[in-house]
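Peer 1: turn this into a model:
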Amino acid sequence: MFGSSLADVFKVPAYDCRAVGPDQKPEFAVTRLRSGPREMEKAPAYPPDQAALICVSLTPSAIGQWQALYNGKKVGVTRAIPFATTFIDLNCPIEMWVRGPFDYLHYYLSQGLLERIALDNGVSMSFCLQEAFFIEDLVVAQMTKSILSPVEHGESLDRLMLDQIAMVLAAHTLQNHCGTPKFAVGPKRGLEAWQKLRTGEMLRAHARILKEISRSRNSPARAHFRKVISRGASGQVWARRSISASFNFGLSMPKTCFHEPAGLL
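Peer 2: Alright, predicted model coming up:
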């Protein structure tokens with residue numbers, strides 16, 4: 001629920017900028033919706049989606065200007081404050097009534113993005129979004145203020161900025177609106193979850209190089225590769241499976257056991 005599909009709910013113009021994940025599906029998006037004066041009317045329902053939606057009111061919404069039936073509960077504007085922030089789970093049923101004028105900035109966070117950030121930070125991936133309506137949230141407000149200029153001028157945010165915003169908002173949502181506890185960190189062999197994630201990203205980014213190495217068993221590049229990583233035993237099985245599953249080009253690693261050298265990850 002972002003971009004033109006979000007705009008269709010309110011039938012107003014949209015600013016849309018998005019980041020697409022490895023599966024070519026949008027995992028994060030920024031959409032602006034605004035309208036002039038209009039009578040209170042019911043908006044079409046959001047289609048169900050495995051995602052969270054953060055809605056920021058750029059101008060204070062008057063009490064009674066926005067009302068909804070969210071997951072069977074009546075909700076609405078509780079106080080008129082600038083940058084009032086709403087968190088909703090798009091997988092929960094919601095019916096909305098809205099009156100103009102209004103000006104909202106929406107952040108779409110896919111479940112895949114939230115799970116990746118949870119994994120990256122060692123917190124539980126079994127989370128449930130705790131909805132909130134028109135609250136004061138300094139992190140979201142400050143993030144919104146920082147991108148208002150390009151949004152106002154209709155300028156697209158570059159991928160680096162989108163990724164940074166997505167990571168901060170996802171981590172903030174998990175910590176403050178999902179009640180995710182920290183995992184107990186104990187000694188164990190092999191790669192940590194965040195190391196696996198980073199290693200997978202590195203492997204995908206250098207797939208072509210690794211493929212060339214695999215083609216020439218005795219090449220200088222392969223010899224250097226073996227010299228750098230052949231240190232121990234942890235990570236070998238995982239790396240083999242990751243490479244095989246990600247690239248399916250049959251990379252045959254040497255029989256020597258190895259582990260990640262200190263400082264590589």
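
Peer 1: and residue 77, how many neighbours?
Peer 2: The criterion is other C-beta atoms under 10 Å. On that basis, residue 77 has 20 neighbouring residues. No exception for glycine: its C-beta is placed from N, CA and C like everyone else's.

Peer 1: now do the contacts for it.
Peer 2: Listed by C-beta atoms under 8 Å, 6 or more residues apart in numbering, the contact partners of residue 77 are 61, 62, 63, 64, 65, 66, 67, 84, 133, 134.

Peer 1: how near is the last one to residue 56?
Peer 2: What it means is residue 134. The gap separating residue 134 from residue 56 is 10 Å, by C-beta to C-beta, to the nearest Å.

Peer 1: now for the two: what residues contact both?
Peer 2: Taking C-beta under 8 Å, 6+ apart as the contact rule, the neighbours common to residue 134 and residue 56 are 84, 85, 86.

Peer 1: who's in contact with the residue lying closest to the first one once chain neighbours are set aside?
Peer 2: In other words, residue 84. Closest residue to residue 84 in three dimensions, ignoring its sequence neighbours and counting by C-beta to C-beta, 6 or more residues apart in numbering: residue 134, at 4.1 Å. Contact analysis of residue 134 by C-beta under 8 Å, 6+ apart lists 57, 61, 66, 76, 77, 78, 79, 81, 84, 85, 86.

Peer 1: try it again with 7 Å
Peer 2: Contacts of residue 134 were listed using C-beta atoms under 7 Å, 6 or more residues apart in numbering, and they are 57, 61, 77, 78, 79, 84, 86.

Peer 1: of those, closest to residue 129?
Peer 2: Top of the list for closeness to residue 129, among the contacts of residue 134 and by C-beta to C-beta, is residue 86 at 11.5 Å.

Peer 1: how close does residue 32 sit to residue 16?
Peer 2: Plainly put, residue 32 is 8 Å away from residue 16 if you go by C-beta to C-beta.
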